[in-house]
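Asks: The sequence isn't on hand, but the structure is:
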């Protein structure tokens, strides 16, 4: 913060900054819109699960979004996405259960890896195929 030689009594009561949302998060200008982040998460791993989409029922905000996922084992989860990471907040779509104390995962990959053996297999196979393709490219 910059220091100024200004008497606070000389300042008007309202600087206009409070109302202007562009300045409200001025220090956190790298704040991401979590809905966009959630969409990116879904697009990244949709191929390896049965169903996955950003919740339209639960509120999304700059700091939180909710993602519904159904694993290939047909288990349903509602995930919370925040700056802390991802965690399961309910065992059904569009739900949150405050009693649930599940750990945060830094990535959607580690979260799904812990929930779904089928995800792990599909994701691993996709990775192998990409590596094989890279190997062929480098040999040609």
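Replies: Arrived safely, thanks for sending. As the structure is a computational prediction, the values presented were derived from the model and not from experiment.
Asks: CA only for contacts and neighbour counts going forward, please
Replies: Noted.
Asks: Ramachandran coordinates for the residue nearest to the spatial centre of the chain?
Replies: Taking Cα atoms, centre = their mean, the centroid of the chain lies closest to residue 81, which sits 3.8 Å from it. Backbone torsions of residue 81, given as degrees, to the nearest 10, read phi -110, psi 120.
Asks: low pLDDT regions in this protein?
Replies: 1-32 (pLDDT under 70).
Asks: mind listing the strands for it?
Replies: With strands called from DSSP state E, the chain shows them at 51-54, 65-70, 76-82, 85-90.
Asks: winner for burial among these?
Replies: Comparing the strands of the chain by mean neighbour count (mean count of other Cα atoms under 10 Å), strand 65-70 comes out on top with a mean of 25.
Asks: Residue 59: how many residues sit nearby?
Replies: 11 (other Cα atoms under 10 Å).
Asks: who touches it in this structure?
Replies: 65-66 (Cα atoms under 8 Å, 6 or more residues apart in numbering).
Asks: quick one: it from residue 53, how far?
Replies: Distance, residue 59 to residue 53, using Cα to Cα, to the nearest Å: 14 Å.
Asks: Same check on residue 35?
Replies: The value you get for residue 35 to residue 53, if Cα to Cα is used, is 11 Å.
Asks: In the longest helix anywhere in the chain, which residues are buried?
Replies: Determined from DSSP state H, the single longest helix within the chain is helix 117-139. The neighbour-count check on helix 117-139 (16 or more other Cα atoms under 10 Å) flags 118-120, 123 as buried.
Asks: CSV please, covering the residues you listed and showing distance to residue 47.
Replies: Formatted as CSV, those follow (distance: Cα to Cα, whole Å):
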residue, distance to residue 47
118, 12
119, 9
120, 12
123, 8
